[in-house]
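Trainee: One predicted model, sequence on top.
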Amino acid sequence: MMPDIPLPHPAALRLRLDRAALAANWAALDALSGAARTGAAIKADCYGLGVAAVVPVLAAAGCRDWFVAHWQEAAEAVRFVPAEQVSVLHGPINDAEAAYARVLGVRPVLNSLAQVRRWLAAGGGPCDLMVDTGINRLGLPLTDVGAPEVGQLELVTCMSHLASADEDCAQNAVQLARFRDVAGSVAAQRYSLCNSAGIALGSEYHFDLTRPGLALYGGVPRGELAGLITQVAHPEAAVIQVRALSAGDSVGYNATFTAPAAMRVGVISVGYADGYLRCWSGRGHVLWQGQRLPVLGRVSMDMTIVDLSAAENCGEGDWLGLEYALPEASATSGLSQYELLTLMGRRYSRNI
């Protein structure tokens, strides 16, 4: 018989979620979407922030349309929202997945004639259709839009996905024109083209439903959103040791930083295993009572060393915030705003 195992001690690494900012971001995107409904991409565990923490906030704000990538993500989503509101972007790649969609009650997003036929053979029912207008990723080719099987579908949403909405380029207008043609030939209850960046392109791109993801969680993919979107994710790490360095002492792997004088440093409980990658080495900052404290030396797997010279009252057990406003953090680290969110690992306590 296994002995009773005590509950784990609270983590020395936590992710503070600003729920008010999350709700405000959805409301801002909803207002910018005009007459179109505004949904939410909640794939990848809500971009790393946690379905259990995020989805109830967005539902309370008014969201009624949810988009996941994988079938296991759909099973998690229906714990919090009605199954008929959930769309699975990858679609059924075999008969078992088609049957699972029908049992669970979620809508598959069909991406090929093979998936269309598979869904019809499984008994059909409400579904969505992705049409490829130029990203050449998932989606029914334009040459297959007129196939008789497509006309047999009980389509709720006909959608496409913009490839370069975060840029001002000709591809946006090309995809818009192609999708207008699709909307004129495929019968569906509603039509959807926009991701977060697409919403900022203007009302002609909005159609009936927008599908923001990144901007919900504090990302700013286009300049037009900069004044509307607020930081949501605030990762924080505890100081697990304070050390006194002498002039000439080196710090961390490969001695990439050497103390020029006596200084006080702290070891914090975050590293590249937690998504705080080596690109932050010597470039990142942490926050303590309004002060920015630089990262010293090379980021390790589980630990990062920071300069506490300007924070004399910061000690072991105190919490430091990682400087993680997404647009600025992306510029500093070289990582995309998407990577900054989704790289954060399982060791962050998210119950705050």
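Mentor: Thanks, I have the structure now.
Trainee: List the contacts of the residue lying closest to residue 240 once chain neighbours are set aside.
Mentor: Of all residues not flanking residue 240 in the chain, residue 269 sits nearest, at 5.0 Å (CB to CB, 6 or more residues apart in numbering). From N, CA and C alone the C-beta is placed, and that goes for glycine too. Residue 269 is in contact with 12-13, 237-238, 240, 302-303, counting by CB atoms under 8 Å, 6 or more residues apart in numbering.
Trainee: can you list the residues you listed in TSV and add distance to residue 179, neighbour count and pLDDT?
Mentor: Output for the contacts of residue 269, formatted as TSV (distance: CB to CB, whole Å; neighbours: other CB atoms under 10 Å; pLDDT from 0 to 100):
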residue	distance to residue 179	neighbour count	pLDDT
12	48	18	93
13	43	23	96
237	44	26	98
238	49	19	98
240	52	15	97
302	47	18	97
303	49	18	98
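Trainee: and of the residues you listed, the nearest to residue 133?
Mentor: residue 13 (41.7 Å; CB to CB).
Trainee: Residue 144 against residue 114, yeah?
Mentor: No. Between residue 144 and residue 114 there is no contact under CB atoms under 8 Å: 10.2 Å.
Trainee: For the two, indicate the residue with more neighbours.
Mentor: Neighbours were counted for residue 144 and for residue 114 using other CB atoms under 10 Å; residue 144 has more, 15 against 12.
Trainee: Can you tell me the closest non-neighbouring residue to the more buried one?
Mentor: Per CB to CB, 6+ apart, closest to residue 144 is residue 113, 5.2 Å.
Trainee: Tell me the spacing between the one you found and residue 148.
Mentor: Counting by CB to CB, to the nearest Å, the separation of residue 113 from residue 148 is 10 Å.
Trainee: Which two of the contacts of residue 269 have the greatest separation?
Mentor: 238 and 302 (12.2 Å).
Trainee: top helix in the protein by residue count?
Mentor: Secondary structure of the chain read by DSSP state H shows that its longest helix is helix 170-185.
Trainee: moving C-terminal of that helix, what's the next helix or strand?
Mentor: strand 190-192 (DSSP states H and E).
Trainee: Check which helices and strands that following strand is in contact with.
Mentor: strand 154-159, helix 170-185, strand 209-210 (3 or more CB pairs under 8 Å, 6 or more residues apart in numbering; DSSP states H and E).
Trainee: Of all the ones you listed, which one is nearest residue 52?
Mentor: Across those, closest to residue 52 is strand 209-210 (CB to CB), at 24.2 Å.
Trainee: next SSE after that closest one?
Mentor: Defined by DSSP H and E, the subsequent element after strand 209-210 is strand 233-245.
Trainee: Who are the packing partners of that following strand?
Mentor: Strand 233-245 packs on strand 13-17, strand 263-268, strand 319-322, going by 3+ CB pairs under 8 Å, 6+ apart.
Trainee: angle of that strand against strand 13-17?
Mentor: Angle of strand 233-245 versus strand 13-17, following axes from the mean of the first three to the mean of the last three CA atoms, to 10 degrees, is 150 degrees.
Trainee: from the chain's centre, how far out does strand 233-245 sit?
Mentor: On the basis of CA atoms, centre = their mean, to the nearest Å, the separation between the geometric centre of strand 233-245 and that of its chain is 26 Å.
Trainee: Just give the nearest non-adjacent residue to the residue nearest the centre of the chain, would you?
Mentor: Geometric centre of the chain, nearest residue: residue 47, 2.5 Å, by CA atoms, centre = their mean. Nearest residue to residue 47, sequence neighbours excluded (CB to CB, 6+ apart): residue 341, at 4.4 Å.
Trainee: residue contacts, the one you found?
Mentor: 47-49, 214, 217-219, 233, 326.
Trainee: Can you check what pLDDT the model gives it?
Mentor: At residue 341, the model reports a pLDDT of 97.
Trainee: So that it lines up with my notes, have the first residue be 331 from now on.
Mentor: OK, 331 is where the count begins now, so the last one is residue 671.
Trainee: check which helix or strand covers it.
Mentor: helix 667-672.
Trainee: circling back to that earlier point, and the gap between the residue nearest to residue 474 and residue 464?
Mentor: For residue 443, the distance to residue 464 - CB to CB - is 19 Å.
Trainee: who's more crowded, these two?
Mentor: residue 464 (18 against 14).
Trainee: who's in contact with that one?
Mentor: 493, 501, 504-505, 508.
Trainee: Which among the residues you listed count as buried?
Mentor: 493, 505, 508 (16 or more other CB atoms under 10 Å).
Trainee: which among these gets closest to residue 457?
Mentor: residue 508 (21.3 Å).
Trainee: Does the closest one touch residue 465 like I think?
Mentor: No. Residue 508 is beyond contact range of residue 465, at 11.0 Å (criterion: CB under 8 Å).
Trainee: The closest residue to residue 609 other than its chain neighbours: neighbour count?
Mentor: The shortest distance from residue 609 to any non-neighbouring residue, by CB to CB, 6+ apart, is to residue 663 (4.8 Å). Using other CB under 10 Å, residue 663 is surrounded by 19 other residues.
Trainee: what do you get for residue 578?
Mentor: 10.
Trainee: In which helix or strand does it reside?
Mentor: Counting by DSSP H and E, residue 578 is part of no helix or strand.
Trainee: remind me which residues of the stretch 381-530 of the chain are low pLDDT?
Mentor: Applying pLDDT under 70 to the stretch 381-530 of the chain picks out no residues at all.
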